[in-house]
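J.: Give me a 3D structure for the following:
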Amino acid sequence: MNLELDETQRLLRDTVREYLEAQVPFDRIRELERERGWDEALWKAVAGQGWLGLPFPEPQGGGGGLLDAGLLVEEFARRAALVPLAESLAAGLACAASEGEDESVASLLAGSAVVVPALLEAGDVPGRIEVAVRGGALRGEKWFVDYGREATHHLVAARDADADGEPALFLVDARSEAVRGQPLHTIGRTPSARVEYAGAVARRVAGAAAVARLTHVARAFAAVQCVAAAQQALDMTVHYASLREAFGRPIGSFQAVKHHAANMAIRVSASRFLAYEALHALDRGQASARQVALAKASASRMVPEVTMLAHQIHGGNGVIEENDLYFFTLRGKERSLAWGSAEECLAIAADAIEEPQDWLC
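T.: Alright, predicted model coming up:
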């Protein structure tokens, strides 16, 4: 796979980056963190720019692909923006594969709906689904629903009791009285919730295959978010090392610092390749659970190592929250755990280790 961006992709990346740098100052993000809120104004602006349509087919208002969406997710993560971009894109793609007519994608692209996935349960085991829908009513709990209290709709993975208990995706109006969200405190300071569904009306969207694809797309996006946090930490560290002086010279001129920076860059580049390769394969319908899991495992292991080296080079300046580095340390650690930690993803890859491989394909 060639990771070189074409002219359109470079224009997209640069446009989004310049827009976020101008419109989303870090002080605004700090204020939102203190209020435990999210950036509703930015979300409306994102919808107005038409960026939410990137991964969707042209008949549904899109015209890009998952690689373009990955660039968008990376730029927003590099700004530590508090909007459910990756979550809504992953959920929207699942809705786009609906078994019947579905208007949720149009509402999402218009910015009038915020749809987020709700998959994980109290057992904290990815893929294990115990809550069920019977007669169109959903009962049970979901944990760590990102932006669960802020979203208008949840895309819930549940057993369809009316179809032999098979896993399926159900769309639930999160504003219903039968949906109650309890805010959770996360290391990344992004909004998350434990959600109880007390007989909430649930409309089936798609079956078991869509549950798996939603997991894979969200996991690949989470890997991109890890890469974004690490890349931003690396860029900030290189800039700091070129300015900070010791013994009359920039600390970036010392061999030990150069070695740390080189190791950081190598780890980021390797994880970026795997993350975007996974998105490319998902876009072409060729990705396996093993490939996506390995990409996420690489990113999950990489990001805390890179951000810790960034703090080491920053020294005491890197442990105060007036320094913007903390955004990417905390967000990176949170995303390293989301949608499967390194250990969980390696376990998924290990399950397929004895499967025959066609090395000539």
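J.: where along the stretch 251-361 of the chain do the helices fall?
T.: With helices called from DSSP state H, counting those that start in this stretch, the stretch 251-361 of the chain shows them at 255-283, 289-314, 325-337, 342-351.
J.: Report the rounded mean pLDDT for the first one.
T.: For helix 255-283, the per-residue pLDDT values average out at 97.
J.: buried residues in it?
T.: Going by neighbour count (16 or more other Cβ atoms under 10 Å), the buried part of helix 255-283 is 257, 260-261, 264, 267-268, 271-272, 274-283. Backbone N, C-alpha and C define where each C-beta goes, glycine included.
J.: Hmm, Arg149 is touching Leu184, no?
T.: No - in this structure Arg149 lies outside contact range of Leu184 using Cβ atoms under 8 Å: 9.8 Å.
J.: quick one, which of these two is more surrounded?
T.: Legend: neighbour count by other Cβ atoms under 10 Å for Arg149 and Leu184, higher for Arg149 (19 against 15).
J.: In contact with the closest residue to that one other than its chain neighbours, which residues?
T.: Using Cβ to Cβ, 6 or more residues apart in numbering and skipping the chain neighbours, the partner closest in space to Arg149 is Gly181 (4.1 Å). Contact analysis of Gly181 by Cβ atoms under 8 Å, 6 or more residues apart in numbering lists 145, 148-149, 174, 193-196.
J.: Apply 10 Å and report the result again.
T.: 142, 145, 147-151, 154, 174, 191-196 (Cβ atoms under 10 Å, 6 or more residues apart in numbering).
J.: again, but for Gln312
T.: Contacts for Gln312 were tallied using Cβ under 10 Å, 6+ apart; they are 237, 256-257, 260, 318.
J.: Which residue is the nearest non-sequential neighbour of Leu346?
T.: According to Cβ to Cβ, 6+ apart, the nearest residue to Leu346 is Ala297 (5.0 Å).
J.: correct me, but the one you found touches Val303?
T.: No - assessed by Cβ atoms under 10 Å, Ala297 is found out of contact with Val303, at 11.5 Å.
J.: Which one's more surrounded, those two?
T.: Val303 (31 against 25).
J.: how close does the more buried one sit to Val205?
T.: 32 Å (Cβ to Cβ, to the nearest Å).
J.: what's the residue nearest to Arg149 sitting at in phi/psi?
T.: Gly181 has phi and psi values of phi -110, psi 130 when expressed as degrees, to the nearest 10.
J.: Just the pLDDT for it.
T.: Reported pLDDT for Gly181: 97.
J.: May I have stretch 130-150 as CSV, with CA atoms only?
T.: Taking C-alpha atoms only, stretch 130-150 is exported to CSV below (Å, rounded to 0.1, in the frame of the first residue of the first chain):
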residue,chain,number,x,y,z
GLU,A,130,-26.0,-10.4,26.7
VAL,A,131,-28.7,-7.6,26.6
ALA,A,132,-31.6,-8.4,24.3
VAL,A,133,-34.5,-6.9,22.4
ARG,A,134,-37.8,-8.6,22.6
GLY,A,135,-40.9,-7.3,20.9
GLY,A,136,-39.1,-4.1,19.9
ALA,A,137,-38.2,-3.3,23.5
LEU,A,138,-34.6,-3.1,24.7
ARG,A,139,-33.6,-3.9,28.3
GLY,A,140,-30.2,-4.0,29.9
GLU,A,141,-27.1,-1.9,30.3
LYS,A,142,-24.2,-0.7,28.2
TRP,A,143,-20.9,0.7,29.6
PHE,A,144,-18.4,3.2,28.3
VAL,A,145,-20.7,4.6,25.7
ASP,A,146,-18.7,7.5,24.3
TYR,A,147,-20.8,10.7,24.2
GLY,A,148,-23.7,8.6,25.4
ARG,A,149,-25.5,11.4,27.2
GLU,A,150,-24.8,13.9,24.5
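J.: from the chain's centre, how far out does the helix or strand where Ala223 lies sit?
T.: Assessed by DSSP states H and E, Ala223 sits inside helix 208-243. In terms of Cα atoms, centre = their mean, to the nearest Å, the centre of helix 208-243 is found 7 Å from the chain centre.
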